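> Please work out how this folds:
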Amino acid sequence: MRADSVACVASHSALDVFDGAKDEGFSTVALCRLCSDSIYRALPELIDHYIDLKDYREMLDQRVQGRLRELGSVVVPNRSMAVYVGYEGIERGLSVPVFGNRMMLRWEERTGEKNYYRLLDEAGVRRPRTFRDVDEVDRPVMLKVQEAERTQERAFIIATDAEDLKRKVRRALETGTISEGTLKAAVIEELLLGAHFNVNFFASRVRRRLEIVSVDRRIQSDLDGFLRLTAREQLEIARTPSMIEVGHEPATLRESLLNQIYEMGQRVVEAASRLEPPGLIGPFTLQLMVMPDLSAVVYDFAPRIGGGTNAHMGTGGNYSKLFLRRAVSMGRRICIELREAREQGMLDEVLT
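Next comes the predicted model:
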């Protein structure tokens, strides 16, 4: 098995992965859509090889896979790859080595047999209560549903009770924000108010331990601008802001919270190994809220490199320095693991 280069779908957190790969001595391969990925083409010092695609699913074509094998590529999956290539294609149609357990990727979903609610329950990790039907709602809730047009984006509908939720869903359907089709896969969660954090973990097979690499927070449009208005101005505008993720910023957690959150990460790793052997390999993210009583509640899960790791590119994740004695981003941490696995003859433990 070869690991000469690192390949990524050119989207999401690919820049962090490419930067880390170059630092660790790997060549880099960008899987780019034609005519739409100019930023990646402007970085010849960072990206060694480009593979042009009409759409990302073309990654499964034998022409593309043959080129990846020729370059000795290891694919680092990100959310864009999961959405546009699809779980079935990644699991059954991709014959190129993938960093991490490719079978874990679909556990990011909220519905189906494999979903993160089941994983968190198996781990004994607190999560928001969910409701099967709108008529069960007896408290403020958030409806998580894919947008009608941009299906990779989620719409969030916040309601005070069941009748308020029904009214707001009807309005979203009328405006075309969501559709009857996307509504079928929606989930109703109790609304919990706390401080939001994305905690980026790394489950190392080479070093046999769990690490916290970094913490970040989302920047959302147009919620970010809405919150900069006064209360009077918000009331005068009288509309619900959208929460489209457009960026991230680094964050820290108070030290007294770290033990609780680290143990949550450990329990998720143990649960994943039972539900989807060999479990989590490499990066994963717990998106959580810290409540006023300082308890943590996980409201989302990513079994891959998180979307906010570019916030630490060039400077490194603050918590990674505690484990490695140097600050590295998640992209570089992945490539350190890949390099060490190659040197120690352990590639079969980090690739699937």
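> Check the gap between residue 334 and residue 149 for me.
Residue 334 sits 33 Å away from residue 149, going by Cβ to Cβ, to the nearest Å. Yep, even glycine has a C-beta here, placed from its N, CA and C like the rest.
> who has more neighbours, those two?
Shown here are residue 334 and residue 149; by other Cβ atoms under 10 Å, residue 334 has more neighbours (28 against 11).
> Next, that one: secondary structure please.
Following DSSP: H, G, I helix; E, B strand; the rest coil, the label given to residue 334 is helix.
> right, and it touches residue 74 too?
No - judged on Cβ atoms under 8 Å, residue 334 makes no contact with residue 74 at a distance of 9.5 Å.
> between the two, what contacts are shared?
Common contacts of residue 334 and residue 74 (Cβ atoms under 8 Å, 6 or more residues apart in numbering): residue 99.
> Identify the residues contacting the strand or helix carrying residue 20?
Element membership for residue 20, per DSSP states H and E: helix 14-23. Where contact means Cβ under 8 Å, 6+ apart, the residues beyond helix 14-23 that reach it are 5-6, 8, 27-28, 30, 40, 43, 46-47, 76, 78, 305, 309-310, 312-314, 328-336.
> Give the buried residues for that helix.
For helix 14-23, burial by neighbour count (16 or more other Cβ atoms under 10 Å) applies to 14-22.
> helix or strand right after that helix?
Next helix or strand after helix 14-23 toward the C-terminus (DSSP H and E): strand 27-33.
> strands paired with that next one, and their directions?
According to DSSP bridges, strand 27-33 forms sheet pairs with strand 5-9 (parallel), strand 49-53 (parallel).
> Could you check the angle it makes with helix 14-23?
160 degrees (axes from the mean of the first three to the mean of the last three Cα atoms, to 10 degrees).
> Contacts for strand 27-33, please.
Residues from elsewhere that reach strand 27-33, judged by Cβ under 8 Å, 6+ apart: 4-10, 14, 18, 21-22, 37, 40-41, 46-56, 59, 64, 68, 71, 73.
> got it, and stretch 40-55?
Contacts for stretch 40-55 (Cβ under 8 Å, 6+ apart): 5, 7, 10, 14-15, 18-19, 22, 27-34, 59, 64, 67-68, 71, 84.
> where along the stretch 51-200 of the chain do the helices fall?
Listed in chain order, the helices of the stretch 51-200 of the chain (DSSP state H, counting those that start in this stretch) span 62-70, 79-85, 87-88, 116-123, 162-175, 180-183.
> wait, which of these is closest to residue 203?
For residue 203, the closest of those is helix 116-123, at 13.2 Å, according to Cβ to Cβ.
> Could you name the helices and strands sitting against the longest strand seen in the chain?
In the chain, assigned by DSSP state E, the strand with the most residues is strand 209-222. Counting contacts by 3 or more Cβ pairs under 8 Å, 6 or more residues apart in numbering; DSSP states H and E, strand 209-222 packs against strand 195-204, strand 243-250, helix 255-275, helix 320-324, helix 330-343.
> what about it, average pLDDT?
Mean pLDDT, strand 209-222: 96.
> buried sites along that strand?
Buried residues in strand 209-222, defined by neighbour count with 16+ other Cβ under 10 Å: 210-218, 220.
> And stretch 268-288, by the same measure?
By neighbour count with 16+ other Cβ under 10 Å, stretch 268-288 contains the buried residues 268-272, 276, 279-288.
> In this protein, where is pLDDT below threshold?
Within the chain, the ranges that satisfy pLDDT under 70 run 35-36, 148, 150-153.
> Break it down into its domains, please.
Residue ranges for the domains of the chain, per automatic domain parsing: 5-98, 116-126+194-343, 130-190.
> Buried ones among the contacts of strand 27-33?
Buried residues within the contacts of strand 27-33, defined by neighbour count using 16+ other Cβ under 10 Å: 5-10, 14, 18, 21-22, 37, 40, 47-51, 53, 56, 59, 64, 68, 71, 73.
> thinking again about what came up before, generate a PyMOL selection restricted to the buried entries among the contacts of helix 14-23.
In PyMOL syntax, the buried subset of the contacts of helix 14-23 is picked out as below (16+ other Cβ under 10 Å):
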select buried, resi 5+6+8+27+28+30+40+47+76+78+305+309+310+312+313+328+329+330+331+332+333+334+335+336
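> now do the same end-to-end measure for stretch 284-302.
Distance between the two ends of stretch 284-302: 5 Å, counting by Cα to Cα, to the nearest Å.
> What residues sit buried inside it?
Neighbour counts over stretch 284-302 (16+ other Cβ under 10 Å) mark 284-290, 296-302 as buried.
> Could you do stretch 244-251 as well?
By neighbour count with 16+ other Cβ under 10 Å, stretch 244-251 contains the buried residues 244, 248, 251.
> got it, and stretch 61-69?
For stretch 61-69, burial by neighbour count (16+ other Cβ under 10 Å) applies to 64-65, 67-68.
> again, but for stretch 334-345
334-342.
> got a list of contacts for it?
Counting by Cβ under 8 Å, 6+ apart, 3, 6, 17, 20-21, 23-26, 74, 76, 99, 202, 204-207, 282-283, 305, 324, 328, 346-347, 349-351 sit against stretch 334-345.
> would you put the C-alpha positions of that stretch in CSV?
These are the backbone C-alpha positions of stretch 334-345, laid out as CSV (Å, rounded to 0.1, in the frame of the first residue of the first chain):
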residue,chain,number,x,y,z
ILE,A,334,-3.7,14.0,9.8
CYS,A,335,-0.6,14.1,7.7
ILE,A,336,1.7,13.5,10.7
GLU,A,337,-0.3,10.4,11.5
LEU,A,338,-0.1,9.3,7.8
ARG,A,339,3.7,9.9,7.8
GLU,A,340,4.3,8.0,11.1
ALA,A,341,2.0,5.1,10.0
ARG,A,342,4.0,4.8,6.8
GLU,A,343,7.3,4.9,8.6
GLN,A,344,6.2,2.3,11.2
GLY,A,345,4.4,-0.1,8.7
